[in-house]
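# show me how the following folds:
(2 chains)
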Amino acid sequence: MTGNNQTPAEAPLRAEYWDLTYISGPLVFLKNGGRFPSGAILELTMANGEVRQGQVLEASTSHAVVQVLQGTQGVDVKGASVSLKQDVATIGVSTALLGRRFNGTGVPIDGLPPAVVDKEMNINGAPMNPVARDKPNDFIETGVTAIDEFNTLVRGQKLPIFFGSGLPANEVANLIVQQARTRDASEQFVVVFGAMGITEREANYFMTAFDEGGQGGRVVAFINKANDPAIERVFTPRCALTVAEYLAYEMDYQVLVILTDMTSYCEALRQVSSAREEIPGRRGYPGYMYTDLSTIYERAGRIRGRKGSVTQMPMLTMPDDDITHPIPDLTGYITEGQIVLSRSLHRQGVFPPVDIIPCLSRLMNNGIGEGRTRGDHRQVANQLYSAYAQGLDIRKLMTIIGEDALSDMDKKFLKFAIQFERELIGQGWTRRTIDESLDASWKLLSLLPRAELTRIDTKYVDLYYKAGEETAAAPVS
Amino acid sequence: MVQTREPITGKLCLVSGPMIGASGMLGVSMGEMLRVGTLGLIGEVIRINGDTVYAQVFEDTGGMMLGEPVTSLGYPLSVELGPGLLGGVFDGIQRPLEVLRAMSGDFIARGLTAPALDREKKWGFTPTVTVGQKVVGGDVLGTVQETRAFMHRVLVPPNVSGVIKSVVSAGEYTVEQPVVVLEDGSELAMMQRWPVKRPRPVVRKLPATEPFVTGQRVLDCIFPVALGGSAVVPGGFGTGKTVVEQTLSKYCNADIIVYVGCGERGNEMADVLDEFPALTDPKTGDSLMNRTILVVNTSNMPVAAREASVYSGITLAEYYRDQGFSVAIMADSSSRWAEALREISSRLEEMPGEEGYPTYLSARIAEFYERTGRAEVLGTVAEGEEPRQGSMTLVAAVSPAGGDFSEPVTQTSLRVAGGFWGLDAALAYRRHYPAINWKVSYTLYLETLKPWFRDNAPKGWLENRQRAMDLLQRDAEMQEIVQLVGPDALQDGERLILETGKMVREVFLQQNAFSDNDAFSSLEKTGGLLETLLEFYDLSKNAIENGVTLNRLMGLPVREDIARLRNESNANFADKRATVCARMRADVAAAATKKG
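Okay, here's the model as predicted:
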């Protein structure tokens, strides 16, 4: 939004108005609403010369409602004036933004002068025409079995990571950034990083990790920290996505957008809503939060006839580990699946602690199978899911009736579930290709008798299944 | 048809998100369409206060200035009906998205207008009426080959009647060219308009006696819905609502599908657009896209158009029903429509009802569901002929917050829908798809459909259905016991129920929508599969009573054959089943002779 810095000489004379009437929370009200277009960006100049920015939310003949990005602390109704800055919120875009760091609204914070921009784009974007969308079906190999094999990520997908406080979500996101590869190595892969309300520690972690991993020059970062103005957070993901769309659809980059933490974003949205005295929905979040979030998440995808893509990985904290909380709930309704981190796996020292049971990738089937990954991929994943779920049931049963009361078959499933978590999911920082993941899976399946593998075609069972020693030795009935 | 009045122009006096106000609009009526601002955005009047009207705008209102002109068009929000709808992709207010793409590129610009039906395209019209013939609303004026397999019937609009003064000869005409002139001078073209919020009239609604066959075992056998019925499919995210809707669009036995993507994902629509043209309509052999109309308003498209999209969709469906076809309308998801109502209601500062939804939510939902049904449609009935009939079946997905079915949209829908297919996150987590929870779902159509199943379904259909339900019920009870005391406390006969219950769940209820052989299960396959499972149960039960242990029975390799039976194609199924059944009988008998 402030990518273009006009020098005073270039700036046209601007009308200033002194008609603030009411200040509440992040909002100020002006007496005359007919002066500015709705959605316009205003400058609020205070008596001491300090300038803040605001956006018109509502305009009527009696008044206008303006949200002030930097908050209203210190604003008074007498001394502050408003003037029009831009008709709509925009951000300057160009490839020179790569490697740069900005605050939540696009002001450089890396000590360098503003980047040379190619053009200004509206940060709200425009809805992509559904018929212009290309079906996302290019497999992205993240090197993480829990994702590649069970919840495959494809280009143009939006796949969030849900986690509870204290879980290593940042590490998982970083793992994906470090290891992700697409099949065609010649394509240019860049990361747009949008951070809302993250701590200094988290911001440092990501920036250091990107630099150490050699991604530094391929990252555009918009960082709104926990102690930065909360209302700015409403703009941060939109700035990030506008840059991402430009890089993808006009410059042919494959863009991965990481947005963290969407929970802080939603809280900022709630703050504005409550200041506007709107009727609150669940847990005080505004009723239009679904619509608002969708204007962020739906800005992922591919367009027919264009080379680039925008893949989104939003990250959000589930308050109290509750997946039915409005933020993960509404997110899950919009995104194409979710990756959920598990506290119990984390406690057991499994990394990445991905609980595959509630995870899902809706676009998985588009990206896998013969010619993309391997023919047995879907069926092996289904079989493992089913066997793991059965193993978990048996583990629950065991806590009631004790291990001795389990049947031989139950014990096999139990052993399978334990090894599944420790070995297949808990791969640590080793990168696995999809073939390695599938091979490791067949090794695990050898713990189970062949007759149990009913979800896999016989031809694949013949090809890959090798009965484990125990299984082979076990009696038939 | 659509009444019109001279346009009235006033000035913009309020902009608040998707809602605007305009003054100087005296004479404008509720529900009228507006063109708002210099961009000419489309809106609909939802409140009037003196000379000020309030309207919901179907496009983003950013950048509008007070004082910009607002013009009422003199008619309510309506859709264009005529040949050229099939295979089309429209947004919530029936703008053709392909045309919009040609106009504004890959992103939808604001203020675009484009007619839904191509004005240039000529259609081969064959008249079926003659000069001097008296016609009434619903009569067929002629036919048009709309797609390779579909014969479109051009209808007299519902509230028009008269004597034909002239009729064109068979030939090529555009949708706007008059094809018939009545004695009173009114000209009838192939295209007509209809306001979306007013149901198109029918002679009478008829009881629904034929099933809506979906090729999904759990639906066709356990929870069947009638052609002309309605089903509600609630489920938390990731439980497979969209897959259910898309699978039904592909395989159900309706003639025409209207798919309304209301406030859902853009990539899902890309999926449908990619997949449907390549698939074959099982009824006609033509491309599946040619029996489908897509009404798409993805979640990031303006919120007010979401509300319009479900009404646009159902009006298109009614038009094909009036021609005498069976139409299925898929609404994914009706919750997004309800949320749009809530958002606009909140901007109007109306007193909210439950969870912030407006108090008229249940009335709106009920009115909407009641537009479905099997009906005798308008039109003259010639002597010795049966009145023309059409039907409209609704399958509405609901996205309850937090997956909790006690929320208002689910509960209100349940009061009016005849079928309830509840999707369950616990089933989806263990990849039991379709994740329809058989313990909570129900259908109210079973009684009226029984005669049809007796006459047309494989033998023993209804009896086996009941046996399967009983078995699943006992299976659930046994599982509770096992959770408390462990499986050892059960007798072999009881454990057999657990084992067969598991087989029914995994082999019969589960179905793989992405497998070529399993995605569509014919009634024969559905019936045969269940019959096989129940026979296995009977044989095993008998064997156990004769002293065979359960372990021996469960170790029989034929169980794997039974499990794989569902992967047989519909064509091969009967043969394969005969083989498996023979082996099953022999194996169980052999086990019985060995004992122990």
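
# got a list of what B:Tyr445 touches?
B:Ala208, B:Pro211, B:Pro224, B:Val225, B:Ala226, B:Gly229, B:Gly418, B:Gly419 (CB atoms under 8 Å, 6 or more residues apart in numbering or on different chains). The way it works is simple: take the backbone N, C-alpha and C, and place the C-beta from them, glycine included.

# go with 7 Å
B:Ala208, B:Pro224, B:Val225, B:Ala226, B:Gly229, B:Gly418, B:Gly419 (CB atoms under 7 Å, 6 or more residues apart in numbering or on different chains).

# now do A:Gly49
Taking CB under 7 Å, 6+ apart as the definition, A:Gly49 has no contacts.

# cool, and B:Arg454?
With CB under 7 Å, 6+ apart, B:Arg454 has these contacts: B:Leu462.

# on the three-state scheme, it is what?
Under the three-state scheme (DSSP: H, G, I helix; E, B strand; the rest coil), B:Arg454 adopts helix.

# mind checking how far it is from chain A?
34 Å (CB to the nearest CB, to the nearest Å).

# now the strands: where do they sit in the stretch 201-350 of chain B?
Counting by DSSP state E, counting those that start in this stretch, the stretch 201-350 of chain B has strands at residues B:204-206, B:230-234, B:256-262, B:292-297, B:326-332.

# dump these to JSON lines, plus mean pLDDT.
Below are the strands of the stretch 201-350 of chain B laid out as JSON lines (pLDDT from 0 to 100):
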{"stretch": "strand B:204-206", "mean pLDDT": "96"}
{"stretch": "strand B:230-234", "mean pLDDT": "97"}
{"stretch": "strand B:256-262", "mean pLDDT": "95"}
{"stretch": "strand B:292-297", "mean pLDDT": "95"}
{"stretch": "strand B:326-332", "mean pLDDT": "96"}
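
# wait, which of the ones you listed is closest to A:Val107?
A:Val107 sits nearest to strand B:292-297 of all those, at 36.0 Å, using CB to CB.

# CA atoms of that closest one as PDB?
Output of strand B:292-297 as PDB, limited to C-alpha atoms (Å, rounded to 0.1, in the frame of the first residue of the first chain):
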ATOM      1  CA  THR B 292     -25.900 -30.300 -16.900                       C
ATOM      2  CA  ILE B 293     -26.300 -26.700 -16.200                       C
ATOM      3  CA  LEU B 294     -23.800 -25.200 -13.800                       C
ATOM      4  CA  VAL B 295     -24.700 -22.200 -11.600                       C
ATOM      5  CA  VAL B 296     -21.500 -21.100 -10.000                       C
ATOM      6  CA  ASN B 297     -21.000 -18.500  -7.300                       C
END
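
# quick one: strands adjacent to it?
Note on strand B:292-297: by DSSP bridges, its sheet partners are strand B:89-90 (parallel), strand B:256-262 (parallel).

# that's a helix at B:Arg47, yeah?
No - the assignment for B:Arg47 (three-state DSSP) gives strand, which keeps it out of a helix.

# spit out the contact partners of it.
Contacts of B:Arg47 (CB under 7 Å, 6+ apart): B:Tyr54, B:Leu348.

# where does pLDDT dip in the chain?
You didn't say which chain, so I picked chain A. A:1-13, A:183, A:469-477 (pLDDT under 70).

# should've been chain B
B:1-3, B:595-596.

# run a quick neighbour tally on A:Ser273.
Neighbourhood size, A:Ser273 [other CB atoms under 10 Å in any protein chain shown]: 20.

# quick check: closest non-adjacent residue to it.
Of all residues not flanking A:Ser273 in the chain, A:Pro286 sits nearest, at 3.8 Å (CB to CB, 6 or more residues apart in numbering or on different chains).

# partners of that neighbour in the sheet?
Bridge pairing for A:Pro286 - DSSP bridges - gives A:Pro280.

# which stretch among the strands of the stretch 201-350 of chain B comes nearest A:Ala126?
Across the strands of the stretch 201-350 of chain B, closest to A:Ala126 is strand B:292-297 (CB to CB), at 14.6 Å.

# residues contacting the closest one, please?
Contacts for strand B:292-297 (CB under 7 Å, 6+ apart): A:130, B:85-92, B:97, B:249, B:257-263, B:269, B:272, B:276, B:305-306, B:309, B:312-313, B:316.

# 8 Å instead, please
Strand B:292-297 has contacts (CB under 8 Å, 6+ apart) with A:130, B:85-92, B:94, B:97, B:249, B:256-263, B:269, B:272-273, B:276, B:305-306, B:308-309, B:312-313, B:316.

# if we can go back for a sec, can you redo the strands of the stretch 201-350 of chain B as CSV with distance to B:Glu367 and mean neighbour count?
Shown next, in CSV, are the strands of the stretch 201-350 of chain B (distance: least, CB to CB, whole Å; neighbours: other CB atoms under 10 Å in any protein chain shown):
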stretch, distance to B:Glu367, mean neighbour count
strand B:204-206, 14, 13
strand B:230-234, 13, 28
strand B:256-262, 16, 28
strand B:292-297, 18, 27
strand B:326-332, 14, 27
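
# distance to B:Phe514 for these - can I get that in a markdown table?
Below are the strands of the stretch 201-350 of chain B laid out as a markdown table (distance: least, CB to CB, whole Å):
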| stretch | distance to B:Phe514 |
| --- | --- |
| strand B:204-206 | 37 |
| strand B:230-234 | 19 |
| strand B:256-262 | 19 |
| strand B:292-297 | 19 |
| strand B:326-332 | 18 |
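
# tell me the contacts of residue 282?
Since you didn't name a chain, this refers to chain A. A:Pro326, B:Glu355, B:Ala401, B:Gly402.

# hmm, no, I was thinking of chain B.
B:Tyr251, B:Phe520.

# show me what contacts the residue lying closest to B:Gly353 once chain neighbours are set aside?
Once flanking residues are discounted, B:Gly353 sits nearest to B:Thr359: 4.0 Å by CB to CB, 6+ apart. Contacts for B:Thr359 were tallied using CB under 8 Å, 6+ apart; they are B:Glu350, B:Met351, B:Pro352, B:Gly353.

# from the residues you listed, pick the one nearest A:Asp87.
For the contacts of B:Thr359, the nearest to A:Asp87 is B:Glu350 (31.6 Å; CB to CB).

# burial of the closest one, as a residue count?
With other CB under 10 Å as criterion, B:Glu350 counts 15.

# that one against B:Gly356, yeah?
No - using CB atoms under 8 Å, B:Glu350 makes no contact with B:Gly356, being 10.2 Å away.

# for stretch A:55-70, the distance to its chain's centre please.
Relative to the centre of its chain, stretch A:55-70 is centred 30 Å away, using CA atoms, centre = their mean, to the nearest Å.

# give me the buried positions along it.
Across stretch A:55-70, burial judged by 16 or more other CB atoms under 10 Å in any protein chain shown covers A:55-61, A:63-70.

# for those residues, which two are the farthest from each other?
Pairwise over these, using CB to CB, the maximum falls at A:Thr61 and A:Gln70, 28.1 Å.

# minimum distance to chain A, which residue of chain B gives it?
B:Gly555 (2.9 Å; CB to the nearest CB).
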